[in-house]
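Participant: take a look and give me a structure for this.
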Amino acid sequence: MSITTSGPVSDETIPIQVRRANRNKSLLTPGRRAFGVINAIFLTAFALVCVLPFINVLASSLATPGELATSSFILWPRTFTLEAYQYILSTPTIFRALGVSTIVTVGGTLISLILTSLMAYALSKKHLKGRRLINFLVVFTMLFSGGMIPTFLVVKNLGLIDSLWSLIIPVAINAFNFVIMRSFFQAIPESLEESARIDGCSELGVFWRIVLPLSLASIATIGLFYAVYYWNTYQSAILYINSSEKWPIQILLRQIVIVASGMNADETSVDVVPPAQSIRMAVIFIATLPMLVVYPFVQRFFVKGALIGSVKG
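Facilitator: Got it, this is the predicted structure:
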């Protein structure tokens with residue numbers, strides 16, 4: 001049995017999904033379609049510009065010396081070889097340097113997140129006395145710093161020379177990361193914290209049970225910033241680390257490139273030495289790979305944490 005109706009059909013009788021589809025179709029004008037196509041082409045080209053250098057680095061590190069000598073840009077080597085990686089990994093201290101960088105990165109990131117989050121939470125409270133002065137002093141360091149020599153003298157007087165702590169403590173709190181996290185904490189409604197205090201939470205309890213669970217996006221973003229900085233530690237290690245046993249991976253790989261270039265110039269010292277170009281590419285890839293592995297796990301927090309944390313100044 002079918003039911004027929006006569007007369008015009010009102011908008012209320014049309015399902016909301018159908019109405020939305022019709023509205024979206026009416027909005028797809030030729031100009032909007034053209035813009036979508038151009039936008040997709042531009043974003044695809046931009047993504048290729050970002051990805052192709054990494055592919056070139058990996059392909060060059062796997063290419064043969066003859067291909068590197070004849071080709072300036074390689075995306076797929078004709079013949080694969082692992083000589084560059086075998087040469088780098090044959091260095092007995094490579095794994096020790098990786099361990100040093102891992103310790104500095106993991107430990108430094110945890111310490112920096114703890115100190116930055118506690119400081120940002122305290123200075124996000126309007127009732128804190130001296131809040132404006134402390135915030136001004138922190139932001140002031142973003143524009144002016146003591147410089148290399150005063151910082152070195154401070155590290156030396158603290159007895160941190162030739163210690164892994166010299167790579168962590170002087171940069172434990174970054175002013176830019178602090179401002180982002182403080183702004184994120186300021187955006188959290190105060191009513192949530194007040195309700196927790198009414199239930200008997202202390203200030204640290206409010207921070208641990210209420211604020212931190214709501215700030216995972218910001219914390220993951222700031223943690224990525226800190227991790228990248230600690231992993232790429234280079235200048236601080238040159239200034240403060242004297243023992244080769246405490247070199248991070250960046251310093252050791254630099255030494256490998258220098259030694260490989262010198263050995264490549266004097267071919268009588270060894271039987272087979274990979275070309276310096278392939279070693280440089282392999283070094284770049286090894287130094288970049290850990291961050292490339294970690295980034296996908298925090299990428300979904302990255303944009304949200306960075307944008308929400310920068311809404312308020």
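
Participant: now do the buried residues in stretch 161-168.
Facilitator: Neighbour counts over stretch 161-168 (16 or more other CB atoms under 10 Å) mark 163, 164, 165, 166, 167, 168 as buried. Placement of C-beta: from N, CA and C, glycine included.

Participant: out of these, the closest to residue 116 would be?
Facilitator: residue 168 (12.9 Å; CB to CB).

Participant: pLDDT and secondary structure for the buried residues of stretch 161-168 - can I get that in CSV?
Facilitator: Shown next, in CSV, are those (pLDDT from 0 to 100; DSSP: H, G, I helix; E, B strand; the rest coil):
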residue, pLDDT, secondary structure
163, 91, coil
164, 92, helix
165, 93, helix
166, 92, helix
167, 92, helix
168, 93, coil
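
Participant: please tell me how far residue 154 sits from residue 259.
Facilitator: Distance of residue 154 to residue 259, given as CB to CB, to the nearest Å: 33 Å.

Participant: no wait, residue 96
Facilitator: 17 Å.

Participant: right, and residue 186 touches residue 123 too?
Facilitator: No. Residue 186 is not in contact with residue 123 according to CB atoms under 8 Å; the separation is 9.5 Å.

Participant: where's residue 136 relative to residue 118, distance?
Facilitator: From residue 136 to residue 118 the distance is 19 Å (CB to CB).

Participant: I meant residue 277, not that one.
Facilitator: For residue 277, the distance to residue 118 - CB to CB - is 47 Å.

Participant: more neighbours: which of the two?
Facilitator: The residue with more neighbours, out of residue 277 and residue 118, is residue 277; 18 against 13, by other CB atoms under 10 Å.

Participant: tell me, how many residues neighbour the nearest residue to the more buried one once chain neighbours are set aside?
Facilitator: On the basis of CB to CB, 6 or more residues apart in numbering, the spatially nearest residue to residue 277 that is not a chain neighbour turns out to be residue 68, at 5.2 Å. Burial of residue 68 is recorded as 19 neighbouring residues (other CB under 10 Å).

Participant: can you check the one 10 residues further on too?
Facilitator: The number of residues packed around residue 78, counting by other CB under 10 Å, is 10.

Participant: equivalent analysis for residue 144, please.
Facilitator: Counted with other CB under 10 Å, residue 144 comes out at 7.

Participant: now it: how far from residue 229?
Facilitator: 20 Å.

Participant: farthest pair within the buried residues of stretch 161-168?
Facilitator: 163 and 168 (9.4 Å).

Participant: next SSE after the helix or strand harbouring residue 137?
Facilitator: For residue 137, the element it lies in under DSSP states H and E is helix 131-143. Following helix 131-143 in sequence order, the next helix or strand is helix 148-157 (DSSP H and E).

Participant: which other helices and strands does that following helix contact?
Facilitator: Contacts defined by 3 or more CB pairs under 8 Å, 6 or more residues apart in numbering; DSSP states H and E place helix 148-157 against helix 235-240.

Participant: and the helix it packs on, how far out from the chain's middle?
Facilitator: Relative to its chain's centre, helix 235-240 lies at 21 Å (CA atoms, centre = their mean, to the nearest Å).

Participant: one step back: more neighbours: which of residue 186 and residue 123?
Facilitator: For the pair residue 186 and residue 123, the greater number of neighbours falls to residue 123 (21 against 18), based on other CB under 10 Å.
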